[in-house]
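Enquirer: A structural model of the following input is requested.
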Amino acid sequence: MKYLQEKINSAESRIKELELLISAWQSKLPKKEFGEKNDHVEPTVTTPNGQISETLMSGSLGDYYSKEWKNEDK
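Expert: Below is the predicted model:
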């Protein structure tokens, strides 16, 4: 039982060391620009009311954003 507890303590100590190393390495990485998270930039579509993502445009909001707004509609 004592042997197993020593192994657990050793593993927990190693995990803390690795977390410190990972944190130090990540702080040296260049900061990503907005939209580059996960190396994916969502393409946008220009509508009469501004830009929205292609995902929104292809869904149920597409009709809403494509509508030409008039002053009396707002």
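Enquirer: T55 - nearest residue in space that isn't next to it in sequence?
Expert: Leaving aside its sequence neighbours, T55 sits nearest to E42 (C-beta to C-beta, 6 or more residues apart in numbering; 6.5 Å). Just so you know, the C-beta spots here come from the backbone N, C-alpha and C atoms, and that holds for glycine as well.
Enquirer: Give me the secondary structure label for the one you found.
Expert: Three-state call for E42 (DSSP: H, G, I helix; E, B strand; the rest coil): coil.
Enquirer: Which pLDDT value goes with it?
Expert: Turning to E42, the model gives it a pLDDT of 78.
Enquirer: Any figure for the gap between it and E6?
Expert: Relative to E6, E42 is positioned 50 Å away (C-beta to C-beta, to the nearest Å).
Enquirer: likewise G62?
Expert: Relative to E6, G62 is positioned 61 Å away (C-beta to C-beta).
Enquirer: Assess the claim that the residue nearest to T55 and I52 are in contact.
Expert: No - counting by C-beta atoms under 8 Å, I52 is not a contact partner of E42; they are 9.8 Å apart.
Enquirer: the more surrounded of the two?
Expert: I52 (18 against 10; other C-beta atoms under 10 Å).
Enquirer: So in terms of bridging, what pairs with T47?
Expert: Applying DSSP bridges to T47 gives these bridge partners: G50.
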